[in-house]
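Q: got a predicted structure plus its sequence, pasted below:
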Amino acid sequence: MQEPFPNLPTEPPQKPAGEPLPPPEETPALPAEQPVPPVQNPIPPAQDIPQNNPVPPMQNPLPPVQNTPQNNPVPPVQNPIPPMQNPIPNWYQNQQPTMGSWQIPPQVPPAPSQKQPLTPEQKDRRTALWLKIVAALLAALLLYCIGSDVVSYRRGGAAPAAATASDTDRDETAGSKVIIQQQDKPKLDKNAENTDADGAYTVEGVASVVCPSIVEIETYGDAKGEQLSGTGSGIISSEDGYIITNAHVLTNGKSFRVIMSDETEYPATVIGKDNKTDLAVIKIEGSDFPAAVMGNSDEVVLGESVVAIGNPAGLSGSVTNGIVSGLNRQIRSDATGFDMNCIQTNAAISPGNSGGALVNMYGQVIGITSSKYVSSSYEGLGFAITINEVLPIVQDLIDNGYVADRVRVGITFISLIPEEVRQGFADEIGMKTVPDNLSGVWITEIADDCDIASTDLQVNDVIVSVQGEAVDDYDSLNAAIAGLKGGDTIEARCRRYQPDGNFEEFSIQCKLMADTSGNY
């Protein structure tokens, strides 16, 4: 085998630095089928070149290839070719060519370019973009919630309640306080079962909805529950077993039993009662009881259809219907002499209905029926205490066991307005005739636990004014001390009559007592 490049010296000639290379000699062209790729790297020594394609010895390096026509053959390579002036930077362009023992440069990739940090303006634009996206999402969520509530309410659902009020839930942070919430008249579906053309319930529909919430209350005169002394009705006002009824239903009771509409029986305890308004609250233990829906009695209109549900004469779940015959009737209970705002109705209300419900045609309780407000002299004349007047009293009874902000003077008295009472007073004192100027309230008893017992007031004295206001009956005395609380001091003008008709007038001062007894 002929040795390639026989004239190539063993040591490359030492050229002074900076001396230009001589021009290359002409060499035969390479075959066309082996085009030479662009030269970017120093060419290693040629080895194993086929004999049929000899390469003449290299004598001088080639100058950079410039403006080589595509049709011209590439001259043979004799000398290392310097790096091409490529406009794209390349790692190999900065390497010095070496002669002699050639080595392939390591394939080291170029260092990745460093990402330029964002300018403050770019950061601000990016932050603003994200804020706009978040704001758009929140706005869409808010619109969806509002729209769903509006659609639900228009379809007959209840309006969203306030965070602080719930029908039956207890507020754990407020000492397990029970809050009974009222509802306005809903818009019912006209196609619902047991409804009329206007969407209101029929009597049958009202009975099916409300009857499970009306209970029968049995009052026993002994603690063992063996001596039945009376019965009445009650309304379940919360799912955890609070029941509204009349105070007189519980009179002289030592134990109580509640009978549900499905005849299930529960023992009951008294939470509080107020004889003044004839309202009371009892409780049974359990959960998920069918609580009644409380309406708004301010929405009641004259002539509106109503249903009374109760247990008259022990006949459980009796239903009677009628209309609203009158509104805002100030009716005085024959038990207490205290006026209550009532709804007049011609629906039958009997003694067993006491504590039952007067219900509108939307299944909402709008009044508490009471036999104490029924006139025995007239037929078809019944009254129910408006639910708007009942609920504040019931709430106080649940929270405190008594009605808050009530005060006691500490006296029992009789009004001297009726002629027969005036005559009775004259007889008690020993007067032969009734004095012409006799007026005021006749004191028949003084409570020992009240501050007034330490004053000069005595039984059979007459109080004629309190706080400068003339008093002659229960209402005028209440008006004179209205707005006062336990511990406040009042002044009263009093008279002490003699058998001869003369009197001694004097003044007393005493402190009012907070009334938690529920008595009148």
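A: Noted; the coordinates are in hand. None of these values were measured; they are calculated from a predicted model.

Q: what segments of the chain are helices?
A: 120-154, 203-210, 387-400, 419-429, 474-480 (DSSP state H).

Q: please name whichever of the ones you listed is nearest to G234.
A: Nearest to G234 among the helices of the chain is helix 387-400; the distance by Cβ to Cβ comes to 11.7 Å. Backbone N, C-alpha and C define where each C-beta goes, glycine included.

Q: so how far is I282 from V258?
A: 7 Å (Cβ to Cβ, to the nearest Å).

Q: hey, which of the helices of the chain is tucked in deepest?
A: By mean neighbour count, with neighbours taken as mean count of other Cβ atoms under 10 Å, helix 387-400 ranks first of these at a mean of 20.

Q: still on that earlier bit, redo the helices of the chain as TSV? Include mean pLDDT and distance to D500.
A: TSV is the format used below for the helices of the chain (pLDDT from 0 to 100; distance: least, Cβ to Cβ, whole Å):
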stretch	mean pLDDT	distance to D500
helix 120-154	71	76
helix 203-210	90	64
helix 387-400	92	48
helix 419-429	93	10
helix 474-480	88	28
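
Q: excluding sequence neighbours, find me the nearest residue to R332.
A: In space, and not counting its chain neighbours, R332 is closest to D339: 5.1 Å by Cβ to Cβ, 6 or more residues apart in numbering.

Q: so what's that neighbour up against?
A: D339 makes contact with 330-332, 475 under the criterion Cβ atoms under 8 Å, 6 or more residues apart in numbering.

Q: re earlier: minimum distance to T219: which of the helices of the chain has it?
A: Of all those, helix 387-400 sits nearest to T219, with 17.6 Å by Cβ to Cβ.

Q: using CSV, write out every CA atom in that closest one.
A: Provided in CSV are the C-alpha atoms of helix 387-400 (Å, rounded to 0.1, in the frame of the first residue of the first chain):
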residue,chain,number,x,y,z
ILE,A,387,-99.3,35.8,66.8
ASN,A,388,-97.4,39.1,66.6
GLU,A,389,-98.3,39.8,70.2
VAL,A,390,-97.8,36.2,71.3
LEU,A,391,-94.2,35.6,70.1
PRO,A,392,-92.3,38.3,72.1
ILE,A,393,-94.0,36.9,75.3
VAL,A,394,-93.2,33.3,74.3
GLN,A,395,-89.6,34.3,73.6
ASP,A,396,-89.2,35.8,77.0
LEU,A,397,-90.7,32.8,78.6
ILE,A,398,-88.2,30.5,76.8
ASP,A,399,-85.2,32.7,77.5
ASN,A,400,-86.0,33.7,81.1
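
Q: can I assume M513 is in contact with L484?
A: No. Taking contacts as Cβ atoms under 8 Å, M513 lies outside contact range of L484: 11.0 Å.

Q: find the residues that touch each one of the two.
A: Counting by Cβ under 8 Å, 6+ apart, the residues touching both M513 and L484 are V407.

Q: between these two, which has more neighbouring residues?
A: M513 (19 against 14; other Cβ atoms under 10 Å).

Q: and the nearest residue to the more buried one once chain neighbours are set aside, how close does it get to R493?
A: Counting by Cβ to Cβ, 6+ apart, R408 is the residue found nearest to M513 once chain neighbours are left out, at 4.3 Å. Between R408 and R493 the distance is 20 Å, computed by Cβ to Cβ.

Q: the helices of the chain: which one's closest to A223?
A: For A223, the closest of those is helix 387-400, at 22.5 Å, according to Cβ to Cβ.
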